[in-house]
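**Student:** Sequence and computational prediction follow.
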Amino acid sequence: MKKNYLVLLVILFCTSPFIYGSASVSLGKMQATNIAPTLIAVGNQIYCPGTSMKIVTDMTITDPDDTGIDAIYIQISSGYDLGDDSLTLTGNHPNINTVWNATTGTLTLTGVSGQPTYVELVAAIKDIEFSTSAANPTGTRNFSITIGQANYLPSNGHYYLYIPNLGITWTAARAAAQSSTYYGLQGYLATITSAEEAQISGEQTTGAGWIGGSDEQTEGIWRWMTGPEIGTVFWNGTFSGFTNNFAFWNTGEPNNAGDEDYAHITAPGVGIPGSWNDLSNTGETSGNYQPKGYIVEYGGTPGDPILNIATSTTLTIGSITATTNGSRCGSGSVTLQAVSNTGTVNWYSQPTGGTPIATGNTFNTPNITSTTLFYAAAHSGSCPDDLRVPVTASVTPKPVLTVNSPYSLCTGSNTTIALATTIGTLFWYDSPNSTTPIFTGTQFVVPNIQQDTFFYAEANNNGCLSDREMVEVQVFASPVVADEFIDLCEGETIVLSAGNPNMNYLWSTGATTQTIVSNGLTNYSVIVTTPAPENCSKTKNFSITYHAQPVISSIETNGLIVTINTTQSGDFEYSLDGIIYQSSNVFTVNEGGMYIGYVRERNQCGFDQKTFIVISVPAFFTPNGDNVNDTWSIKGASFFSNAEVRIFDRFGKLITVLNRYNPFWDGTYNGALLPSTDYWFVAKINDSTPEIKGHFAMMR
């Protein structure tokens, strides 16, 4: 796996002016007798992949009191690709020896025998070349050039030095770091506030090394306790805590296992490389958690001198750092954007080969009809534009509607507008600017409208809208019809009219005239249609009810109860006097006699009458000369010429015979008054009527 390293090599030479103690590094002694040199490198360049390129275009070292130095350190301080990147000294430099450390990406220049001169070192630095075997290298390579053992970080100008010291406590390490200087720069236990600092500090540590973080003041609140960042909170809580700044704890840390209040960089092979752990002030007495030293940081302290003992250059591999795709609705030009780290962007229509079709951060494509890929490349002088990044110009097809207008409908009816769209969902609106659709779909059923109306259709294909099309619906007047309900007497006919003159007619009988004559059917219909081109139709229905004519078939009597029967049922009314009619055909009369039964149809569809006789037998009579019930007879019998009634006394003696010549009995026998008592009778009305037998009372 390839990794980027921000590392500086720590190499101690016996000829170095640095004196190491067990708990501190005393660097200030040389400041009294030796003036620090000034290093200036020139050469921030664009690197062409596949080539070997010098890391500087010019280099100077100025030192007023020395002509040479023991060693120069050139490191790929950021962007280092382990296994692919390398630094090589080219040319003829017989007095310069080189050592390449692939782990840290550092090339060390020393003398073959004795101390090399600045002239020899500068000439060698100018001939150092960078190359990489990576197939598609990207990014920027920073090269630091320094004379001291401390690792230089160009991004902040600070120096970092790992001091081995087995078993040193955090408190002692803090004191030792604060008592050290580096070319006049004040030292302090490292405060790590960025990923670059974490890398340059962590990857040079050979064992657990103290840094300046602690939560000794308030448990769970981690602060930097040294250097310019003293008092800055960089972590809250344990391993599940949070930070608003930078922190690089190992997995599951900090865990405060055993009152652990001090931060250190973990030993190699323990969890995440270069990450942090919390320990007690003393740590453990052996193993990975025994302190092996500490990290001193130089730089950033108020009053520090301005040093130029290190310098840096960069090689930038041209690349596109940001792109912005573009889109449009329908065919046309699309605006694309790209940003390169070289400042210039070339645009291509193909991933490889060809010539640029445009130059600049913004590219307006030619007119395109579908989604198309274009390619942006960072142009870097003589380097080929091989690393091209695709940028998408999206074209959403714009819907096109097929409209046939106007449509038409007849009043009182609906019509369906069927529109076609090439793509997308069709929406309907009631105004040209409305945003609220009244219907969705290609089949729009127009509601019952009474006047010419405009509707508006628009198709939406994922936000790409068609032109909003106007559809006119013309409204034509339909024939005015009303169903008819007709009453007719049996056998009658009637002229049925469709109304609406000068139109087209189609009857259910097949007739095509405006009127027809009924032929006995109960239901008729006619479709009335306006002339072309409107052709609006309405249907008129006729419902005919035929009423039967009444015919009396018989009149039945049962005592004083009379029932009038007809030959068929119907909507009939009945009467016994021809004036007062009732719905019931059953009557009750007061006494026997001759009557007339009447029947009529309620809708004046006929009339019939029939005479009938009611026979009634009085239960008593009172022959006392008051002219009320002085005689007895069977009421109604007198209407039958052959009627005969024989009256007997209780002993069966025939008293009298009543007939058409002797119609009633006055209660005498041979002129003598008979006593008040019951008498019996036998009546024969006619040959078709059974004899009537009974008795009655005479009361004087």
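**Tutor:** Nice, I can see it. Keep in mind the model is a prediction, meaning the values are calculated, not measured. Numbers count the residues shown, from 1 in each chain.
**Student:** Could I get the full set of helices for the stretch 101-250 of the chain?
**Tutor:** Along the stretch 101-250 of the chain, counting by DSSP state H, counting those that start in this stretch, helices occupy 118-126, 170-178, 195-202.
**Student:** Oops, could you answer that again for the stretch 351-500 of the chain instead?
**Tutor:** Going by DSSP H, counting those that start in this stretch, the stretch 351-500 of the chain shows no helices.
**Student:** Flag the shaky bits of it, pLDDT-wise.
**Tutor:** Within the stretch 351-500 of the chain, no stretch has pLDDT under 70.
**Student:** Deepest in the core, which of the helices of the stretch 101-250 of the chain is it.
**Tutor:** helix 195-202 (a mean of 23; mean count of other CB atoms under 10 Å). All C-beta spots, glycine's among them, are computed from the backbone N, C-alpha and C.
**Student:** What's the mean pLDDT across that one?
**Tutor:** On average, the pLDDT along helix 195-202 is 86.
**Student:** all strands for the stretch 551-700 of the chain, in order.
**Tutor:** According to DSSP state E, counting those that start in this stretch, the stretch 551-700 of the chain carries its strands in the segments 552-558, 561-566, 572-575, 586-588, 593-601, 607-614, 620-621, 644-648, 654-658, 668-669, 672-673, 678-684, 692-698.
**Student:** Ok, which of these comes nearest Ile61?
**Tutor:** strand 593-601 (138.9 Å; CB to CB).
**Student:** just checking, what packs against the closest one?
**Tutor:** Counting contacts by 3 or more CB pairs under 8 Å, 6 or more residues apart in numbering; DSSP states H and E, strand 593-601 packs against strand 552-558, strand 561-566, strand 572-575, strand 607-614.
**Student:** Distance to Leu185 for the helices of the stretch 101-250 of the chain - can I get that in TSV?
**Tutor:** Formatted as TSV, the helices of the stretch 101-250 of the chain follow (distance: least, CB to CB, whole Å):
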stretch	distance to Leu185
helix 118-126	22
helix 170-178	12
helix 195-202	16
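**Student:** So which of the ones you listed is nearest Phe607?
**Tutor:** Among the helices of the stretch 101-250 of the chain, helix 195-202 comes nearest to Phe607, with 118.9 Å by CB to CB.
**Student:** rewinding a little: any idea which of the strands of the stretch 551-700 of the chain is most buried?
**Tutor:** strand 572-575 (a mean of 20).
**Student:** Do me a favour and average the pLDDT over that strand.
**Tutor:** pLDDT averaged over strand 572-575 gives 96.
**Student:** Please apply the same query to stretch 52-64.
**Tutor:** On average, the pLDDT along stretch 52-64 is 95.
**Student:** And the contacts of it?
**Tutor:** 35-43, 45, 47, 69, 74, 87-88, 90, 118, 121-122, 125-131, 143, 145, 313, 315 (CB atoms under 8 Å, 6 or more residues apart in numbering).
**Student:** Filter the residues you listed down to the buried ones.
**Tutor:** Buried subset of these (neighbour count, 16 or more other CB atoms under 10 Å): 36-37, 39, 41, 43, 45, 47, 69, 74, 87, 118, 121-122, 125-128, 130-131, 143, 145, 313, 315.
**Student:** what's near enough to touch the nearest residue to Thr631 once chain neighbours are set aside?
**Tutor:** Ranked by CB to CB, 6 or more residues apart in numbering and with sequence neighbours excluded, the top spatial neighbour of Thr631 is Phe664, at 4.0 Å. Residues in contact with Phe664, defined by CB under 8 Å, 6+ apart, are 631-633, 658.
**Student:** swap in Pro623?
**Tutor:** Counted by CB under 8 Å, 6+ apart, Pro623 has contacts 629-631, 666-668, 673, 698, 700.
**Student:** What does it show for phi and psi?
**Tutor:** phi -80, psi 70 (degrees, to the nearest 10).
**Student:** Quickly note the distance from the closest residue to it other than its chain neighbours to Gly318.
**Tutor:** The shortest distance from Pro623 to any non-neighbouring residue, by CB to CB, 6+ apart, is to Gly667 (3.7 Å). The gap separating Gly667 from Gly318 is 154 Å, by CB to CB, to the nearest Å.
**Student:** Who has more neighbours out of the two?
**Tutor:** Gly318 (25 against 22; other CB atoms under 10 Å).
**Student:** Pull the contacting residues for that one.
**Tutor:** Gly318 touches 46-48, 340-342, 377-380, 383, 387, counting by CB under 8 Å, 6+ apart.
**Student:** got it, and Gly252?
**Tutor:** By CB under 8 Å, 6+ apart, Gly252 lies in contact with Phe239.
**Student:** So it belongs to a helix, correct?
**Tutor:** No - counting by DSSP: H, G, I helix; E, B strand; the rest coil, Gly252 is not part of a helix but coil.
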